[in-house]
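>>> model this:
(one chain, ligands or ions: 1)
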Amino acid sequence: MEPNADPNRLRLATAGDIHCNEERAEQVAAAVNALPGDADIVLLAGDLTTHGKPEQAKPLAEACAALDVPVLAVLGNHDWHADRVDDLAAVLADGGITLLDGDVARCQVKDHDVGVVGVKGFIGGFSGSHLPDFGEPILRELYSATSNQVEALERGLAQIELCTTKIVLLHYAPTVTTIQGENPGIWAFLGSDRLAAPIAEHEPDIVLHGHAHSGTFAGQIGPTPVYNVAIPVTRQDFWLMDLELNAPAGSRVH
Ligand SMILES: [Mn+2]
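Okay, here's the model as predicted:
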């Protein structure tokens, strides 16, 4: 297929919660192979595997190796389950997948300076159900782990402040607007609106996350559009969306 020729349109191919493993190997490879040729960048919103075993990521990595566009990813909780993140990261790197863990990636796409901040995020809840920074050390550690994610997001957004296009890639949800449909009893485990503060301050063009399989596709933080691109929500292998790079901020996503 022809590459995307429109100089002012950035086509994103996004997917969260691919949950690749031995059984899904062929399906995942076929989905990557079927990506249209006009996608400019691939963004993977965590839970790339079912249990975080490095071999489970191989079919995804091998398929992505054939792509000639940037493939950026964050990990999710499933990717941590086997506690072999370094080995998993090595497999992803072999496939040319750039793993972001509080890092920033900058890509030049059609003369536009595109900045992507990738942070896994973490749990902690939303207004009315926040886990407090109080009590047993293990609870305070958990609070602190979310603080680290919020700080990494803040740092990353500051780093890409001057980019013409700014994208945030998370696994956990930063807003309740995209977890509507989930049982409120588990909201605190789906993300935290503490992650929303740096987003509200910096107003990136788009925020993507996954994790909330029964959530809602489109939400927002102030003027910033937020999308829950978990495959069970989009019901597609990859969700394609366009960023109109010359449109006014706040109205760039189509
Ligand atoms: Mn998850």
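
>>> which bits of the stretch 101-250 of the chain sit near the ion?
Neighbours of the ion within the stretch 101-250 of the chain, by CB under 5 Å from the ion: His211. (Each C-beta comes from the backbone N, C-alpha and C, glycine too.)

>>> one more pass at 6 Å, please.
Where the stretch 101-250 of the chain comes near the ion, counting by CB under 6 Å from the ion, the residues are His171, His211.

>>> now do the helices in the stretch 101-250 of the chain.
With DSSP state H, counting those that start in this stretch, the ranges of helices along the stretch 101-250 of the chain come out as 137-159, 187-190, 196-202, 231-234.

>>> and those helices as a markdown table, adding mean neighbour count, distance to Asn246 and mean pLDDT?
Converted to a markdown table, these look like this (neighbours: other CB atoms under 10 Å; distance: least, CB to CB, whole Å; pLDDT from 0 to 100):
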| stretch | mean neighbour count | distance to Asn246 | mean pLDDT |
| --- | --- | --- | --- |
| helix 137-159 | 16 | 22 | 98 |
| helix 187-190 | 20 | 35 | 97 |
| helix 196-202 | 18 | 20 | 98 |
| helix 231-234 | 19 | 26 | 98 |
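
>>> any chance of the ones you listed in CSV with distance to His213 as columns?
Shown next, in CSV, are the helices of the stretch 101-250 of the chain (distance: least, CB to CB, whole Å):
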stretch, distance to His213
helix 137-159, 21
helix 187-190, 10
helix 196-202, 21
helix 231-234, 4
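
>>> quick one: closest of those helices to Leu43.
Closest to Leu43 of the helices of the stretch 101-250 of the chain, according to CB to CB: helix 231-234, at 12.6 Å.

>>> can you tell me what sits against that closest one?
Residues from elsewhere that reach helix 231-234, judged by CB atoms under 8 Å, 6 or more residues apart in numbering: 15-19, 210, 212-217, 237.

>>> 6 Å instead, please
Applying CB atoms under 6 Å, 6 or more residues apart in numbering, the external contacts of helix 231-234 come out as Ala15, Asp17, His213, Gly215, Phe217.

>>> how about those residues, which pair is most distant?
Most distant of the contacts of helix 231-234, by CB to CB, are Ala15 and Gly215, 14.8 Å apart.

>>> ends of stretch 21-28, how far apart?
Using CA to CA, to the nearest Å, the end-to-end distance of stretch 21-28 comes to 9 Å.

>>> list the buried residues of that stretch.
Using 16 or more other CB atoms under 10 Å as the test for burial, stretch 21-28 gives Asn21, Arg24, Ala25, Val28.

>>> and for it, what's in contact with it?
Cys20, Thr50, Gln56, Pro59, Leu60.

>>> how about the secondary structure of the fourth one?
Classification of Pro59 by DSSP: H, G, I helix; E, B strand; the rest coil places it in helix.

>>> surely it and Ala31 touch.
No - at 10.2 Å, Pro59 does not count as touching Ala31 under the criterion of CB atoms under 6 Å.

>>> which of the helices of the stretch 101-250 of the chain sits closest to Leu170?
So among the helices of the stretch 101-250 of the chain, helix 137-159 is nearest, using CB to CB, at 7.8 Å.
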